[in-house]
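*Asks:* Please work out how this folds:
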Amino acid sequence: MEGAWQDARLERWLEALVSTPGLTSIRDPVEARRVHVDESLVALPLLRRFGGPIVDVGSGGGAPGIPLAAALPDREVTLLEANGRKCAFLREASREFPNVEVVQGRAEGQVTDLFGAAIAKALAPPPVAAEWCLTLVAPGGAAILYVGPSADAEPVNRVSTQLGGGPAEELPGLLVLPKLQATPPGFPRRA
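*Replies:* Okay, the predicted model is just below:
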């Protein structure tokens, strides 16, 4: 994670993120770095296990997608965000990251079984985030959900099974849902 901070592009992104109203409530630069960069990079070793393009579902201000794109310059990273104002911010911020594409839309409107990994941080309750993310992942990939310490894997496992996934691998702050089979028809359901 130390090497990521040698990337001046991340410093510029973080400064813009903290100074743009409505993207984060964190104003302290040190705390913002911890939450938006260091916590985002926790999934880096997992993403190296799963090849193919990455999608950050509900990207908001770009975390975890932008820090991960900086750390994985050889991987395509799609920032999927429904809010137009946030997409405008993401488009501006991503100009410095040639491996990043911004898509305005919702998970329910995207092609299923396309990505090697789908990641989500603060998107929705874990079972809902699991449905929105796992449907986008091709068999052999995984959905990686950033979760709090009280997250219950059991309802997430039920959703994963319905979507062709396996039981969650529980890691500190993360649930990793392997995609074993193609997404069945009818998923993801509308919010």
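*Asks:* Work out for me the element E131 sits within.
*Replies:* Assigned by DSSP states H and E, E131 belongs to helix 126-134.
*Asks:* State the next helix or strand along the chain beyond that helix.
*Replies:* Counting by DSSP H and E, the element after helix 126-134 in chain order, helix or strand, is strand 137-146.
*Asks:* So what sits opposite G165 in the bridge?
*Replies:* K179 (DSSP bridges).
*Asks:* Quick check: next helix or strand after the helix or strand bottoming out on mean pLDDT in the chain?
*Replies:* Taking mean pLDDT, DSSP states H and E as the measure, the chain has helix 29-32 as its least confident helix or strand, at a mean of 91. Going down the chain from helix 29-32, the next helix or strand is helix 44-49, by DSSP H and E.
*Asks:* Show me what the helix or strand just after that next one packs onto, helices and strands only.
*Replies:* Next in sequence after helix 44-49, counting helices and strands by DSSP H and E, comes strand 54-57. Where contact means 3 or more Cβ pairs under 8 Å, 6 or more residues apart in numbering; DSSP states H and E, strand 54-57 is packed against helix 65-71, strand 77-81, strand 115-121, helix 126-134. Every residue, glycine included, has its C-beta placed from N, CA and C.
*Asks:* and the ones you listed as a markdown table, adding mean pLDDT?
*Replies:* Listed next are the helices and strands packed on strand 54-57 as a markdown table, based on pLDDT from 0 to 100:
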| stretch | mean pLDDT |
| --- | --- |
| helix 65-71 | 97 |
| strand 77-81 | 97 |
| strand 115-121 | 97 |
| helix 126-134 | 94 |
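*Asks:* Check G166 and give its pLDDT.
*Replies:* pLDDT, G166: 97.
*Asks:* go on, the one 5 residues further on?
*Replies:* The confidence metric pLDDT takes the value 94 at L171.
*Asks:* List the contacts of the helix holding E131.
*Replies:* Applying Cβ atoms under 8 Å, 6 or more residues apart in numbering, the external contacts of helix 126-134 come out as 55, 57-58, 107-108, 118-120, 123-124, 143-145, 147, 151-153, 155-156, 158-160, 163-165, 175, 177, 179, 183, 187-189, 191.
*Asks:* what's the angle from it to strand 77-81?
*Replies:* Between helix 126-134 and strand 77-81, the angle comes out at 130 degrees (axes from the mean of the first three to the mean of the last three Cα atoms, to 10 degrees).
*Asks:* Just the CA atoms of helix 126-134, as PDB, please.
*Replies:* Output of helix 126-134 as PDB, limited to C-alpha atoms (Å, rounded to 0.1, in the frame of the first residue of the first chain):
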ATOM      1  CA  PRO A 126     -24.600  -6.700   2.000                       C
ATOM      2  CA  PRO A 127     -27.300  -9.100   0.500                       C
ATOM      3  CA  VAL A 128     -28.500  -6.400  -1.900                       C
ATOM      4  CA  ALA A 129     -24.900  -5.400  -2.800                       C
ATOM      5  CA  ALA A 130     -24.200  -9.100  -3.400                       C
ATOM      6  CA  GLU A 131     -27.000  -9.400  -5.900                       C
ATOM      7  CA  TRP A 132     -26.000  -6.200  -7.800                       C
ATOM      8  CA  CYS A 133     -22.400  -7.200  -7.900                       C
ATOM      9  CA  LEU A 134     -22.400 -11.000  -8.400                       C
END
